[in-house]
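everything below, folded, please.
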Amino acid sequence: MPPHTRASKTTVVAGPSHSNDDQLLLPPMEIDDDSFVLPDPPSSTMTEPNIGDQPISAPATAQENDEEPGEIPDDSSTTLSSTSASDAIDPGNLSASPAPMFLRTEEHDDKIDQDYRGSDYDAALVNKLKSYPVPAAADPTTWKGFRMIRYGRALHLRGTVSPVGVEPEERAFVIVGEIGWKSDGVRLGPAGNKSIYNTVSGDNLTKAHIVLTRHVLPRIYNDQAAEIHTAVVRNEAAVCGMTEQAMEEVFIARANQKRFHHALKRQRNTFAIVELVSDTYWALPDSSGYGGGRSKSGGIVSSSRKASMPTLASGTIPTLPHETVDNVELALNKTYPLSWWPGIDKNPQFELEEGTRIRQLPFYGTKGELIAPWHMAEVLRPGTVVVAQCSLVMWRFNVNTYHVKIRHLDVVDYSFNKPENHTPEIPKDIEPESTLRPAQTYNPNATVDDRKQDDDDNDAESPNKRRKVTE
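As a prediction, this is how the structure comes out:
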């Protein structure tokens, strides 16, 4: 079932973690893969961490947590040297690379990420993973007793390992990888994974899609993909009353039909590529359909969907009158004007209701600083290494759809690769209008052209597709 075969033994670095100033590591030791155990995550309520909720905590330092956080399989047989890569220079990169947060000069053109990411780096990255308060997705014990349940009135289901009859806690896990390219499916612009003919509105919200590659810690990467795949197939088989083998074949058939409902992306006919999905970018006004019980089209919004949508009444923090895009103090739960994100204004693809604002996502740089949504494409460049605390969610529509949802993302190492352009294009056959569009007037002579969806436009959370109207 998993997309690869585990090695019988793996190397781990033993001993408690220490601060960067005084790293003490024991020699590596060989243990069976099935014998290492990671701790359960701390207790937390199973409420959706949208605007107003606190994110999963950042990794603890040795001073904050003296207990051994558990073992993670290591990709390297070399221990971290006394001149460790985690004694990072100015940018705060774990590898001591000089790659900055914003790559806006030509001074780094001749530098390559891999020049700084040797065997010492692999060991340092493993120690970084071990410092997090939640277990690794690559660890099979993380998924022991895992099941998907619906919590409250939410439309989606979330994973838990809590016994039946006990107040459920969402199962969080940590994932590591190197950010891929747009050609891999990375989408960091305001349009998310929508094609230019898909409307972005309160009925069809967008989010970030971050596809990770296995260029760092490939064994751990493959193991975390294998465990996520097993959890998805096992849960879907139970929901549909099928065997796991039969469910494997169903997922393959869906993928062959360009129907992407798995949490992983396929590579060479194997579900093996990790894709992370954020919460929505947008906080809707309190008077929107989702806050008042009525949609833009006049239809009634279901209570389950309305309860799960973020609104400005959900404990958000507004910007101050003197703040601009150049001097704003970023904060979790803060919201920002739409005009601060280039590519939205004058683009007819965006039909966001007046008063909609941009939400601050829990994305952090190497020094713990928040990353503004409009800077994500510049900072989260291809080749950037991240560690993300995530959970597995399932959305129930005509076909169940699974996502690895980001709860907290940390940049570990910036990249020397130049950022790609994620600014949405303006359709050439649609006249640009204001972002905040009035209701269209009915025209009995209008014809409707239903366009085929692009391969990238497969977000089952927002299944509506744009329809081009010609008169």
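
burial of the residue nearest to Ala225 when sequence neighbours are not counted, as a residue count?
The spatially closest residue to Ala225, leaving aside those adjacent along the chain, is Ala272, at 5.0 Å (C-beta to C-beta, 6 or more residues apart in numbering). No exception for glycine: its C-beta is placed from N, CA and C like everyone else's. Ala272 is flanked by 20 other residues according to other C-beta atoms under 10 Å.

where does Ala272 land on pLDDT?
We have a pLDDT of 89 for Ala272.

quick check: it vs Gly189, distance?
Distance, Ala272 to Gly189, by C-beta to C-beta, to the nearest Å: 26 Å.

again, but for Trp341
9 Å.

list the contacts for Gly177?
Contact partners of Gly177, counting by C-beta atoms under 8 Å, 6 or more residues apart in numbering, are 212-214, 216, 221, 274, 385-386.

buried set for the host helix or strand of it?
For Gly177, the host element (DSSP states H and E) is strand 173-179. Buried residues in strand 173-179, counted by 16 or more other C-beta atoms under 10 Å: 173-179.

list the residues that contact the nearest residue to Cys240 once chain neighbours are set aside.
Nearest residue to Cys240 in three dimensions, chain neighbours excluded: Met247, at 6.8 Å (C-beta to C-beta, 6+ apart). The contact partners of Met247, by C-beta under 8 Å, 6+ apart, come to 233, 236-237, 240.

quick one: Met247 is in a helix?
Yes. Applying DSSP: H, G, I helix; E, B strand; the rest coil, one finds Met247 inside a helix.

list the buried residues for the helix ranked longest in the chain?
For the chain, the longest helix by residue count, based on DSSP state H, is helix 218-240. Buried residues in helix 218-240, counted by 16+ other C-beta under 10 Å: 219-237.

with stretch 393-402 instead?
By neighbour count with 16+ other C-beta under 10 Å, stretch 393-402 contains the buried residues 393-395, 400-402.

what about the closest residue to Ser201 other than its chain neighbours, distance to Ala191?
Leaving aside its chain neighbours, Ser201 sits nearest to Glu351 (4.2 Å; criterion: C-beta to C-beta, 6+ apart). As judged by C-beta to C-beta, Glu351 and Ala191 stand 12 Å apart.

these two - which one has more neighbours?
For Glu351 and Ala191, the more surrounded residue by other C-beta under 10 Å is Ala191, and the numbers stand at 23 against 20.

show the pLDDT at the closest residue to that one other than its chain neighbours.
Spatially, and ignoring its direct neighbours in sequence, Ala191 is nearest to Pro424 (4.0 Å; C-beta to C-beta, 6+ apart). For Pro424, the model assigns a pLDDT of 89.

show the end-to-end separation of stretch 210-226, please.
For stretch 210-226, the first-to-last residue distance is 18 Å (C-alpha to C-alpha, to the nearest Å).

quick check: phi and psi at Asn327.
phi -130, psi 10 (degrees, to the nearest 10).

what about it, how many residues nearby?
8.

can I assume Pro398 sits in a helix?
Just so we're on the same page, residue 398 is Asn rather than Pro. No. Counting by three-state DSSP, Asn398 is not found in a helix; it is coil.

against Arg254, how distant is it?
When C-beta to C-beta is applied, the distance between Asn398 and Arg254 equals 12 Å.

still on that earlier bit, could you give the angle of the strand holding Gly177 to helix 218-240?
On the basis of axes from the mean of the first three to the mean of the last three C-alpha atoms, to 10 degrees, strand 173-179 is oriented at 120 degrees to helix 218-240.

can you map out the helices along the stretch 301-450 of the chain?
303-308, 376-379 (DSSP state H, counting those that start in this stretch).

comparing those helices, which gets the lowest mean pLDDT score?
helix 303-308 (a mean of 46).

rewinding a little: intersection of neighbour lists for Glu351 and Ala191?
Val200.

low-confidence bits of the chain, can you list those?
Applying pLDDT under 70 to the chain picks out residues 1-89, 105, 153-154, 287-315, 429-471.

show me what the longest strand along it is packed up against.
Counting residues, the longest strand found in the chain (DSSP state E) is strand 401-413. Secondary-structure packing of strand 401-413 (3 or more C-beta pairs under 8 Å, 6 or more residues apart in numbering; DSSP states H and E): strand 207-213, helix 218-240, strand 270-280, strand 363-364, strand 385-395.
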